[in-house]
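# pasting the sequence and the predicted coordinates here, then a few questions.
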4 protein chains.
Amino acid sequence: MSSTRVPGLDQLVKYGWGVDRKLTQRGEERRTQLMEFAAARFASNGYHPTSVAEIVEGIGVGKGVFYWYFDTKEALLEAILADAQRDLRRKQRAAIADATTPMERIERGIRTSIQWSVTHTDHFRLVQFATTDERFAARVRKGQQVAVQDAATHLTDAMKEGEIPLGDAELLAQLMIGVHTYLVHQVVQGQVEVSDEVVDAAVDFCLHGILGPR
Amino acid sequence: MSSTRVPGLDQLVKYGWGVDRKLTQRGEERRTQLMEFAAARFASNGYHPTSVAEIVEGIGVGKGVFYWYFDTKEALLEAILADAQRDLRRKQRAAIADATTPMERIERGIRTSIQWSVTHTDHFRLVQFATTDERFAARVRKGQQVAVQDAATHLTDAMKEGEIPLGDAELLAQLMIGVHTYLVHQVVQGQVEVSDEVVDAAVDFCLHGILGPR
Amino acid sequence: MSSTRVPGLDQLVKYGWGVDRKLTQRGEERRTQLMEFAAARFASNGYHPTSVAEIVEGIGVGKGVFYWYFDTKEALLEAILADAQRDLRRKQRAAIADATTPMERIERGIRTSIQWSVTHTDHFRLVQFATTDERFAARVRKGQQVAVQDAATHLTDAMKEGEIPLGDAELLAQLMIGVHTYLVHQVVQGQVEVSDEVVDAAVDFCLHGILGPR
Amino acid sequence: MSSTRVPGLDQLVKYGWGVDRKLTQRGEERRTQLMEFAAARFASNGYHPTSVAEIVEGIGVGKGVFYWYFDTKEALLEAILADAQRDLRRKQRAAIADATTPMERIERGIRTSIQWSVTHTDHFRLVQFATTDERFAARVRKGQQVAVQDAATHLTDAMKEGEIPLGDAELLAQLMIGVHTYLVHQVVQGQVEVSDEVVDAAVDFCLHGILGPR
DNA sequence: AATGAATGAGCTTTCATTCAT
DNA sequence: CATGAATGAAAGCTCATTCAT
């Protein structure tokens, strides 16, 4: 009826500026269902080749449903990406919470990140794609910057405490993230099987890369 | 009288199984022009959002011209990717040719790869995208497998000669490639400025990652 | 919740395996409207020369409407042909129902067939065309086989009852159908005016052809 | 150079008003080759679905060749149809030449016609198609009118001489032609095997149809 | 005579989005 | 909330025809 169009902060964080309805329990589920189904399809067939029609048919509803929950197809992908980013960050914070040294934080950060990516391959693929489309690249870039900053902070701390040699913390953070990103990439592409040994090797590789010549 | 439809091996390598005409000098130039222009557009706007119309308008020819040289838009991207792969491999072989030790070969390989990628950012972006679309992913995967194998061979040699500690050569090769892939990725995204120092740092990071604890 | 994708038998008979939505009253009408308009255009301008654009413009709707009801232009023609076949057969069965002798059934069959064809010249022309295109020819052939078999059955009955001399019933049926097909063909081409006399003459011609030398 | 565009009568009969060059021996062969190849393709794939490119590729020449011999694709089909008509008529005249009675002429006419059609199934199919396209229908109609007139003349003669009962000669001629047209149609469609018995039965059917009740 | 290249209107089809119910 | 129907711009692609060489 006369509901104001200005959403509260909580909703904004979750839904952005577009469709901003208060959703019922059922509505919430529908929205999630749409996002999950779409993420799967986007990941396997690609964002552009997947039509809105395909999505709504896939879950057996009319097109109206889609546009009830999302302003555009673009907004859907953005919501999926935002959701994923938020989830990963939350997991990472939890993992790091009770670590005592910077190096421990770094290691746990890497492990959590790898863990999350290989259990959310669809989202990993979507992020990969999003990078290649200017419409979404900015959002992803921002997320990656945050990740780099986080890692760099820990590296700087480690440098200060003399745990690792001084160096360009940000660059090292990027190289480190590069290692595990590519590793996950290969896993997603079916080129590598995940195992504790592989993850350990990757972590070792990074740590030695950071430590440099002893 | 009737021209044989079986193309020679040379042509096959170059054009694949689709349109396989003998091209005149002029035709050869047009084909190249189309590929270059398209690569640029695909890289900046994305493959799907770039229409064939946009490409032909961009170089000021009729639509038919496009389909004279390529069977489909898909075939065009494949041709571009194949071309790029061939070019990179050629460059790498040349760079490695006169190296004397395995470690030298590895280092030169990494440097050449970074070099090539940052001077062919369009193609790098296209490869990124290609990975996210099953239609093209296979080709890219094969190319990357080759790169991994190449590097792994050199690592194995280095292990045999005792230059580096024994380990999973293939995995190390992948981690190494991961470092520079992500680095280039960041460069392409404008997050990092290339410089000799950055490249050196990346190479160092890899070498120490490989060498492990001394 | 999720609607089953397996259409009921009724729908299958009517729509085939392609677009198989449940249509509303309005949708049903649109579908019919499209088929009728298209049949007329196909008949007068030819199937290939008639574009989908022409059809939708003709009934004043957007292009998407066409593809809402039919998978392809080809499917549309097939639907039209199937519809026509079904209608003719139904009419023929009704006409034959209360005939008492085989010869009466044959005569009524011929007359009904001529009658139907001259009042549905559009469909007759479409069948003519369909014969010349392998994509549609099979369907038409099957329909004609059925017609031949029907007539042959009656001829065989007549032979058994001694009403006509023994002979190759199927071949006679074909010749008989040939007579009226060509007659209708000439009518459709404007070479012959239909009249009771003409129809009577054709029927006589057939009957004498069948009876042979007394 | 300064060759007049007004062709001689002979050439006109053969080539119509379009391309009217004096062809060399080789040119004559190319033209024939094009027509034969095109007739085969048109017959099997349809006129519209067969492209000029397909034709010239099929015989291994460039597109220029096609347009050297024919003004348009349409003109090609017309030339093929005209050729076929001329050939059939010539054969029929030869077959009838030494017949002594009208009925003999009729029978020979029918037999020749069936004979020609089953040995030129491609052309028969093309005529079938041509009927369904207004651009070509007129030409075919005229040819069929001639055939009907020819047959009707013989029937009229037969009536005058008391060989058959009086009746509408033209209509009978049409019904007669209908019988064998449909027969050939079924042969072309692979529904009937040609044999002397079948042809005899068809001829008998016609003769009895004409003779009516004795 | 013949070729390879080019043209560009037009084709079939798709699809994000909107709307009446 | 939800549906089926509709929109129409735009996509990929075809093809009869023309032209420079």
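Ah, there it is.
# use CA for all of it now, contacts and neighbours both
OK.
# roughly how far does the residue of chain A found nearest chain D sit from DNA strand F?
Going by C-alpha to the nearest C-alpha, chain D is nearest to residue A:49 of chain A, at 28.8 Å. Remark: distance between residue A:49 and DNA strand F (C-alpha to the nearest atom of the strand, to the nearest Å) = 11 Å.
# for the residue most central in space within chain A, which residues are in contact?
Taking C-alpha atoms, centre = their mean, the centroid of chain A lies closest to residue A:85, which sits 3.7 Å from it. With contact taken as C-alpha atoms under 8 Å, 6 or more residues apart in numbering or on different chains, residue A:85 is in contact with residue A:143.
# now stretch A:23-40, how far from the chain's geometric center?
18 Å (C-alpha atoms, centre = their mean, to the nearest Å).
# hmm, which helix or strand of chain A has the shakiest average pLDDT?
Ranking every helix and strand in chain A by mean pLDDT, DSSP states H and E puts helix A:9-15 at the bottom, with a mean of 50.
# so the residue of chain A closest to chain D: helix, strand or coil?
Classification of residue A:49 using DSSP: H, G, I helix; E, B strand; the rest coil returns coil.
# who are the packing partners of the helix or strand where residue A:139 lies?
Using DSSP states H and E, residue A:139 sits within helix A:134-160. Here helix A:134-160 touches helix A:73-96, helix A:102-119, helix A:121-131, helix A:169-188, going by 3 or more C-alpha pairs under 8 Å, 6 or more residues apart in numbering or on different chains; DSSP states H and E.
# so how far is it off the chain centroid?
The answer for helix A:134-160 is 12 Å, by C-alpha atoms, centre = their mean.
# can you tell me if it touches DNA strand E.
No: counting by C-alpha under 7 Å from any atom of the strand, DNA strand E has no neighbours in helix A:134-160; the shortest distance is 12.5 Å.
# and that helix, what's buried?
Using 16 or more other C-alpha atoms under 10 Å in any protein chain shown as the test for burial, helix A:134-160 gives A:136-137, A:139-141, A:143-144, A:147-149, A:151-159.
# and the next helix or strand past the least confident helix or strand of chain A?
Downstream of helix A:9-15, the first helix or strand assigned by DSSP H and E is helix A:25-45.
# that next one vs chain B: in contact?
Yes: interface with chain B: helix A:25-45 contributes A:43, A:44, A:45 (C-alpha under 8 Å from any C-alpha of the partner chain).
# does anything pack onto that helix? Which helices or strands?
By 3+ C-alpha pairs under 8 Å, 6+ apart, helix A:25-45 packs against helix A:52-58, helix A:73-96, helix A:121-131.
# now the residue in chain A that DNA strand F sits nearest to: which helix or strand?
Taking C-alpha to the nearest atom of the strand as the measure, chain A has residue A:64 as its residue closest to DNA strand F, at 2.7 Å. If you go by DSSP H and E, residue A:64 is part of helix A:63-69.
# what's in contact with that helix?
A:19, A:31, A:34, A:52, A:53, A:56.
# again with stretch A:30-43
A:47-48, A:50, A:55-56, A:58-59, A:66, A:69, A:76-77, A:79-80, A:122-123, A:125-126, B:132.
# need the buried ones from those selected in ChimeraX.
Filtering the contacts of stretch A:30-43 down to the buried ones (16+ other C-alpha under 10 Å) takes a single ChimeraX command:
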select /A:47,50,55,56,59,66,69,76,77,79,80,122,123,125,126 /B:132
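# low-confidence stretches in chain A?
Within chain A, the ranges that satisfy pLDDT under 70 run A:1-22, A:214.
# domains in it, by residue range?
Following automatic domain parsing, one gets these domains for chain A: A:18-71, A:83-211.
# which of those domains is buried the deepest?
Each of the domains of chain A was scored by mean neighbour count; the highest is domain A:83-211, a mean of 18, by mean count of other C-alpha atoms under 10 Å in any protein chain shown.
# tell me how far that domain lies from the chain's centre.
That offset, for domain A:83-211, works out to 11 Å (C-alpha atoms, centre = their mean).
# any idea how far apart the tips of it sit?
35 Å (C-alpha to C-alpha, to the nearest Å).
# ok, now stretch A:43-62?
By C-alpha to C-alpha, the extent of stretch A:43-62 from end to end equals 22 Å.
# who's in contact with stretch A:101-109?
Residues outside stretch A:101-109 that contact it (C-alpha under 8 Å, 6+ apart): A:92, A:95, A:96, A:99, A:151, A:154, A:155, A:157, A:158, A:163, A:203.
# at 6 Å instead, please
A:96, A:99, A:154, A:158 (C-alpha atoms under 6 Å, 6 or more residues apart in numbering or on different chains).
# ok, the third one - contacts?
Looking back up the chat, that one is residue A:154. Residue A:154 touches residue A:102, counting by C-alpha under 6 Å, 6+ apart.
# near DNA strand E, which residues of chain A show up?
Counting by C-alpha under 7 Å from any atom of the strand, chain A comes close to DNA strand E at A:48-53, A:63-64, A:67, A:71-74.
# pick the one among those residues closest to residue D:183.
residue A:53 (49.8 Å; C-alpha to C-alpha).
# contacts only, for the closest one.
Contacts for residue A:53 were tallied using C-alpha under 6 Å, 6+ apart; there are none.
# try residue A:116
Contact analysis of residue A:116 by C-alpha under 6 Å, 6+ apart lists nothing.
# so how far is residue A:110 from it?
Relative to residue A:110, residue A:116 is positioned 10 Å away (C-alpha to C-alpha).
# next: residue A:146.
From residue A:146 across to residue A:110, the span is 14 Å (C-alpha to C-alpha).
# same question for residue A:183.
Counting by C-alpha to C-alpha, the separation of residue A:183 from residue A:110 is 11 Å.
# repeat that for residue A:65.
Distance from residue A:65 to residue A:110, by C-alpha to C-alpha: 39 Å.
# one more: residue A:127?
On the measure of C-alpha to C-alpha, residue A:127 and residue A:110 end up 17 Å apart.
# do the same with residue A:167
Relative to residue A:110, residue A:167 is positioned 19 Å away (C-alpha to C-alpha).
# picking that back up, and of the helices and strands packed on helix A:25-45, who's closest to residue A:210?
Taking the helices and strands packed on helix A:25-45 one by one with C-alpha to C-alpha, helix A:73-96 is closest: 19.3 Å.
# next one: that closest one to chain centre, how far?
Chain-centre distance of helix A:73-96: 5 Å, with C-alpha atoms, centre = their mean.
# and that helix, anywhere near DNA strand F?
No: taking C-alpha under 7 Å from any atom of the strand as the criterion, helix A:73-96 and DNA strand F are apart, separated by no less than 13.8 Å.
# and the angle for that helix with helix A:134-160?
10 degrees (axes from the mean of the first three to the mean of the last three C-alpha atoms, to 10 degrees).
# orientation of helix A:73-96 relative to helix A:121-131 in degrees?
For helix A:73-96 against helix A:121-131, the angle by the same axes, to 10 degrees is 120 degrees.
# thinking again about what came up before, looking at the contacts of stretch A:101-109, which is nearest DNA strand E?
Checking the contacts of stretch A:101-109 one by one against DNA strand E (C-alpha to the nearest atom of the strand), the nearest turns out to be residue A:96, at 38.9 Å.
# got the contact list for that closest one?
Residue A:96 makes contact with residue A:105, according to C-alpha under 6 Å, 6+ apart.
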